[in-house]
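Visitor: Kindly return the folded structure for what I paste below:
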Amino acid sequence: MIPAVEKAIADIRATFAAHRVDVEPDPAGGAYVTVHDLPLGDQYVPSVSWIAFHITFQYPHADVYPHYCIAGLKKRGVDVTDPFHKGEWKTPSVTSPATSVSRKSNHWNPATDTAVIN
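Guide: Residues are numbered from 1 along each chain as shown. So this is what the prediction gives:
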């Protein structure tokens, strides 16, 4: 992993210290990251999920996008619609049904946007 990705992962681990964080390096210098057992709040069903994303080797000059959560995630009382989509979280060693959550940052700024807050 390139140093910027390693730092992002260290920041994620520090921010989510109470949660298991799985990291799988990619061959280009980035990493696939999954943070487990995050509370989403009662407005979501289920109210706890894992969140996964790929930090590419272009980080911090590239957005961390898209994000994936537990399959079937929906807002309480609302059918799955934008920004939630059925998807699949894939790494070289894992394939899992998932809900893709659109969190694209069209104005990504590497000085202020990070893998932790995105």
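Visitor: okay, CA-based contacts and neighbour counts for the rest of this
Guide: Noted.
Visitor: Please, where are all the helices along the protein?
Guide: 3-15 (DSSP state H).
Visitor: Any idea which helix or strand in it has the lowest mean pLDDT?
Guide: strand 84-90 (a mean of 78; mean pLDDT, DSSP states H and E).
Visitor: helices and strands around that strand, which ones?
Guide: strand 67-70, strand 95-101 (3 or more Cα pairs under 8 Å, 6 or more residues apart in numbering; DSSP states H and E).
Visitor: now that strand, how far from the centre of its chain.
Guide: Mean-position distance between strand 84-90 and its chain equals 11 Å (Cα atoms, centre = their mean, to the nearest Å).
Visitor: got it, and stretch 91-99?
Guide: 12 Å.
Visitor: Also stretch 23-37?
Guide: Taking Cα atoms, centre = their mean, one finds the center of stretch 23-37 at 10 Å from the center of the full chain.
Visitor: Buried residues, it. List them.
Guide: The neighbour-count check on stretch 23-37 (16 or more other Cα atoms under 10 Å) flags Glu24, Pro25, Asp26, Gly29, Gly30, Ala31, Tyr32, Val33, Thr34, Val35, His36 as buried.
Visitor: Point out the ones among the residues you listed that are inside strands.
Guide: Glu24, Pro25, Ala31, Tyr32, Val33, Thr34, Val35, His36 (DSSP state E).
Visitor: Out of those, which two sit at the greatest distance?
Guide: Greatest spacing in those, by Cα to Cα: Pro25 and His36 (17.5 Å).
Visitor: hmm, back to that, can you tell me the strand partners of the least confident helix or strand of the chain and which way each runs?
Guide: Neighbouring strands of strand 84-90 in its sheet, by DSSP bridges, are strand 95-101 (antiparallel).
Visitor: circling back to that earlier point, just say which of the helices and strands packed on strand 84-90 is most tucked in.
Guide: strand 67-70 (a mean of 24; mean count of other Cα atoms under 10 Å).
Visitor: before we move on, back to that, CA atoms of the least confident helix or strand of the chain as CSV?
Guide: Output in CSV follows, covering the C-alpha atoms of strand 84-90 (Å, rounded to 0.1, in the frame of the first residue of the first chain):
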residue,chain,number,x,y,z
PHE,A,84,-29.5,2.8,-2.1
HIS,A,85,-29.0,0.1,-4.8
LYS,A,86,-28.6,-3.6,-4.7
GLY,A,87,-25.0,-4.5,-5.3
GLU,A,88,-22.1,-6.7,-4.5
TRP,A,89,-19.0,-6.0,-2.4
LYS,A,90,-16.0,-7.6,-4.1
